[in-house]
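K.L.:
Sharing a model that was predicted from the sequence below.
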There are 2 protein chains.
Amino acid sequence: MSLGAIRACMGEIPFDLAICDVRLINVFTDEIYHADIGIAGDQFAYIGKFQREHQAIQTIEGWGRFAAPGLIDSHMHLESSMMTPAAFAAAVLPLGTTSVAADPHEIANVLGVDGVKMLCDQVKDLPLHVYVMAPSTIPSAPGFENSGATITGTEISEMLGYPGVHGLGEVMDFFGVIGGDPKISGVIEAAHRRGVLLDGHTPLLKGKELEAFVASGIDCDHTYMDAEIVGEKLRNGMCVQIQERFFTRELMAYLNSCPVQNRIMLVTDDVPISRLAAHGHLNALVKKAIALGLEPKKAYRYVTINAADRLRLYRQGAVAPGRRADLILLDSLEEALPSLVVSDGKVVAEAGRLTVPLKPAPFPPRAYQTMHIAPVREEDFVIPCQGSGALVHVIVQDGKTSRTRLEQQSCPARDGALDPGELVKMAVFNRYPDNDNRAVALLGNLPDFGGAIATTYAHDCHNLTVYGRDDRDLCLAANTVIASGGGIAAVRDGAVLCAIPLPIAGLMCEDDLPALAGKFREFDQIAKAMGLNHEEPLTFLTLMALAVSPNVKLTDLGIIDVTTKTFLPLVVQYRP
Amino acid sequence: MSLGAIRACMGEIPFDLAICDVRLINVFTDEIYHADIGIAGDQFAYIGKFQREHQAIQTIEGWGRFAAPGLIDSHMHLESSMMTPAAFAAAVLPLGTTSVAADPHEIANVLGVDGVKMLCDQVKDLPLHVYVMAPSTIPSAPGFENSGATITGTEISEMLGYPGVHGLGEVMDFFGVIGGDPKISGVIEAAHRRGVLLDGHTPLLKGKELEAFVASGIDCDHTYMDAEIVGEKLRNGMCVQIQERFFTRELMAYLNSCPVQNRIMLVTDDVPISRLAAHGHLNALVKKAIALGLEPKKAYRYVTINAADRLRLYRQGAVAPGRRADLILLDSLEEALPSLVVSDGKVVAEAGRLTVPLKPAPFPPRAYQTMHIAPVREEDFVIPCQGSGALVHVIVQDGKTSRTRLEQQSCPARDGALDPGELVKMAVFNRYPDNDNRAVALLGNLPDFGGAIATTYAHDCHNLTVYGRDDRDLCLAANTVIASGGGIAAVRDGAVLCAIPLPIAGLMCEDDLPALAGKFREFDQIAKAMGLNHEEPLTFLTLMALAVSPNVKLTDLGIIDVTTKTFLPLVVQYRP
């Protein structure tokens, strides 16, 4: 309790910060009205017309701008920005995001509990409030891939006891949950023992399967949403967290019509850095949702009080006495672009610019040593074939999404090796200690792709993943990334065209948003010039190794049919 | 996590209990639709149309009745029933109340932390789920009364660590909160340290005083409510808990119009036993609210999911997979009278009758030894006066409410003592160890009252309180109650007309509802026959000693002007 807030409210001591004449969005009553706001320390102390006895040390003129609570992202992953938490905070605070629930699923795949603790240590003094969710499903597909760690109930208990860990991150092994798998059941049990909230990930479940999943106590989802799915999930008592890619006019009309609104949120999940630089963060979702017809006051509730209630942050999500003084001022509800951002009672951004010093803190040295892999050789990419050719399984990408389909094609052989012709090689090298697994597959629908691209940012295991047609280029791209301690590299005709080191766990670097976004703009142009025909090169490159993403993917253990959970051989049949 | 619920939902094992064909009130979507309900253990497992693979050990036919979640009373005091928790549970379960948040403020005034622990021990195995709130404001008016205990932050910490204690009970010292009083600030701090919810009591606060109170982190109230007050409290982020006595058509129309509904609840606070027997419990509030125009689905949400969310009971308040299987079946939403009640997956009542054994458990012996007071004597009621009379302060009751007003009157003296004439004597005797405080006052507007009534149920200190005109009857009534270890007695012309022992802390007895309600019906008749002209005799008798209830009351320390917090002498001036 802050006696300061009480005394300032009563007019006995001055406010630390006063904001005069705003149009307050009251998320508890859906009203918008003129008010003054008094802040003491890091709390709102008084909201209303200032009285004679109210004084303030610092006063900001609101000029009738809208005042909303600071925006709260109730489900996201910090690592997808590829920046340090401090650089991410510097990027999103000016956009109005003051709190995030972050599931460090990526760094946990690389560094396990140790990585999660590193992230907690990084975020603890940021003006962006980061609530870390203990990653629950690592690896994502046990038995079908190897990452740097395995998380069981024991690790969950340990993480939930670490300062800053707030709940259980999205449980993705939904078949394990409804099948009673001991490992994921132990994870869920550990969370229940701590009494924390549990996040879910249920893209395919409906009917009794969905209900069985919810019966585990996991009560939210952020995967595919349309009106029918939102309706079914709400009916089951779930919180629905809606990502931008599922926004439609129809869905917004449906949300407007829901009589009970408090279990609906908008979330970013993953925002690639180029999108963050070009479009914004949670504010971009608010803007787009309103443009598609969502009532503005509902949009703001979805990313403030609803998110706070979901996250059990009882002193956040609203501009009200005693609550944490996180606030944004806006000229237009529809534009959702803050002209002033206050976090914990301090002005942290004005007119889109950060006003507080925020330097990336270094991670501990072991975070920079995650490439446990010797340089690769050209022969690692050769697919041996003793006959005249083979019938092979081909993973066919669609140029737009992360979905793939399976085909079979004939390939000729030359000098004891397959000649893929129009197909492109994809290889996954395990990069973790005491493991030299590797696997090669062939990709279809990349007819013009030349050269090679390697990346260690490759969901969810983040093994070294390489794409290309030429074995020498494949080898150079892979070794360039190994040499830089992780990252992304594009190579053509024996020359490195672009290299972006991501030395922190092979996932992040210390650049700020403008610098890193610039590098990725260049990378995107190079990838397109190399003939990579996917709409979002990075989406393609980072999701082809994801063993829980339909329909066929490649891990360090081989080709996986994701829907049937079976391994597929590369060669179906050799031709004599 | 219950694997049983998951497996039963999937049809792999039978439900323990199936209820076929109900009209489900879905509190998440405000829909009502036909469904079957499958229960496994103490959890809901499946809600929908049963599929071929679903089997059940026991099946109940719903016959299309409405199914609502078990009712949740988010603010009440168990002791006002004057029954043991087990007898209270037996009384309210058939009425549909399956969970209560109980603030044992009364027993804590008598027995302190020890009394709260006794109550926790009593409730822990009941089919009624009781969430004990640590009493925060004991005594209610420190310095102006003496009860059996003093609660500071230290005791709050101790109680919040005891199994079954759920949050901080209503903070009533609102002037202390906004004035920064160290004792109540310490109490609030102790609750914040534990991260629990904090209940409030703010009958008079508005504007900046209300905001200062809310700034302490206390975010609910259940005192006087009308549309304007509800609006102001909601705007400040408070939960509003509305008692039956504030229900009006205007208020219900206002509640219907609120765009954000999830912070509104209906609560019983105190239900006197006669009212409980005649009208019901939370179900009576639902019925009355609907009769006054509240939309039925809103009424049910106010006493189910809204209450569960307020109390942070994330697995209650709804008929949904994984939630605690508390449910009622109803023929009519408007009548709100359950024909079947399920608690923790077990049928506990049918057609208004309890179907499970529920015997009152004895309290420990020390709970029966709370009358630390020697027999009183007639001279204890004499008001000495050496002159010919005196001008005295008179507490004038209004015959309807607990409010009083102050008057001054002249009284003659006879044989060295005041002769009150039409006035009635009221005396308060401290009944706690090492304290023999006592005080006498005079009451106005009781012209026909004869005989005497004594009670140890007398808010909030529950000292022995006696009302009457004849010193001999006063003495007999007081000593009858002392001899029975606490309770209520009515005496006239030297004869005990009625005595109801309340030997448990002087507040409760081991009777069940029919037996005790019968006794109080008789007591009410006797009190009226004795000329007690108050509409609700028990309300009058138990609230005249309440030092936080306007405007003038009597405690063991003397007459209190409640609004100015000052003592008043009985005699203003002696007449020579």
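P.N.:
Noted; the coordinates are in hand. Numbers count the residues shown, from 1 in each chain, chains lettered A, B, ... in the order given.

K.L.:
and the residue lying closest to A:His459 once chain neighbours are set aside, backbone torsions?
P.N.:
Of all residues not flanking A:His459 in the chain, A:Leu546 sits nearest, at 4.2 Å (Cβ to Cβ, 6 or more residues apart in numbering or on different chains). For every residue, glycine as well, the C-beta is placed using N, CA and C. Note on A:Leu546: its backbone torsions stand at phi -90, psi 110 [degrees, to the nearest 10].

K.L.:
before we move on, what about A:Val496?
P.N.:
Backbone dihedrals for A:Val496, given as degrees, to the nearest 10, come out at phi -80, psi 110.

K.L.:
Likewise for A:Ala307?
P.N.:
The phi/psi pair for A:Ala307 (degrees, to the nearest 10) is phi -70, psi -40.

K.L.:
Can you verify my assumption that it contacts A:Gly317?
P.N.:
Yes: with contacts counted by Cβ atoms under 8 Å, A:Ala307 reaches A:Gly317, the gap being 6.4 Å.

K.L.:
Find residues that contact each of the two.
P.N.:
Counting by Cβ atoms under 8 Å, 6 or more residues apart in numbering or on different chains, the shared contacts of A:Ala307 and A:Gly317 are A:Ile72.

K.L.:
quick one: the residue nearest to A:His459 and A:Ser140 touch, right?
P.N.:
Yes: counting by Cβ under 8 Å, A:Leu546 does reach A:Ser140; the two are 7.3 Å apart.

K.L.:
Common neighbours of the two, please.
P.N.:
Once Cβ under 8 Å, 6+ apart is applied, the residues that A:Leu546 and A:Ser140 both contact turn out to be A:His459, A:Asp460.

K.L.:
tell me which element the residue of the stretch 401-550 of chain A found nearest chain B is part of?
P.N.:
Residue of the stretch 401-550 of chain A nearest chain B, by Cβ to the nearest Cβ: A:Val548 (20.0 Å). A:Val548 is part of no helix or strand when elements are defined by DSSP states H and E.

K.L.:
Quick check: closest non-adjacent residue to it.
P.N.:
Ranked by Cβ to Cβ, 6+ apart and with sequence neighbours excluded, the top spatial neighbour of A:Val548 is A:Ser140, at 4.7 Å.

K.L.:
same question, A:Val382
P.N.:
In this structure, A:Val382 finds its nearest non-sequential neighbour in A:Ala417, 4.8 Å apart by Cβ to Cβ, 6+ apart.

K.L.:
List the contacts of the one you found.
P.N.:
A:Val382, A:Ile383, A:Pro384, A:Cys385.

K.L.:
Can you get me a residue count around the nearest residue to the second one once chain neighbours are set aside?
P.N.:
In space, A:Ile383 comes closest to A:Leu418 once its chain neighbours are excluded; the distance is 4.2 Å by Cβ to Cβ, 6+ apart. By other Cβ atoms under 10 Å in any protein chain shown, 23 other residues sit near A:Leu418.

K.L.:
which residues does A:Leu418 bridge with?
P.N.:
A:Ala413 (DSSP bridges).

K.L.:
OK, contacts around it?
P.N.:
Residues in contact with A:Leu418, defined by Cβ under 8 Å, 6+ apart, are A:Ile383, A:Pro384, A:Cys385, A:Gly389, A:Ala390, A:Val392, A:Cys411, A:Pro412.

K.L.:
Reformat those residues as JSON lines; add pLDDT, distance to B:Gly486 and neighbour count.
P.N.:
Converted to JSON lines, these look like this (pLDDT from 0 to 100; distance: Cβ to Cβ, whole Å; neighbours: other Cβ atoms under 10 Å in any protein chain shown):
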{"residue": "A:Ile383", "pLDDT": "96", "distance to B:Gly486": "90", "neighbour count": "20"}
{"residue": "A:Pro384", "pLDDT": "95", "distance to B:Gly486": "93", "neighbour count": "10"}
{"residue": "A:Cys385", "pLDDT": "94", "distance to B:Gly486": "95", "neighbour count": "21"}
{"residue": "A:Gly389", "pLDDT": "96", "distance to B:Gly486": "98", "neighbour count": "18"}
{"residue": "A:Ala390", "pLDDT": "97", "distance to B:Gly486": "93", "neighbour count": "20"}
{"residue": "A:Val392", "pLDDT": "97", "distance to B:Gly486": "89", "neighbour count": "24"}
{"residue": "A:Cys411", "pLDDT": "96", "distance to B:Gly486": "94", "neighbour count": "21"}
{"residue": "A:Pro412", "pLDDT": "96", "distance to B:Gly486": "100", "neighbour count": "14"}
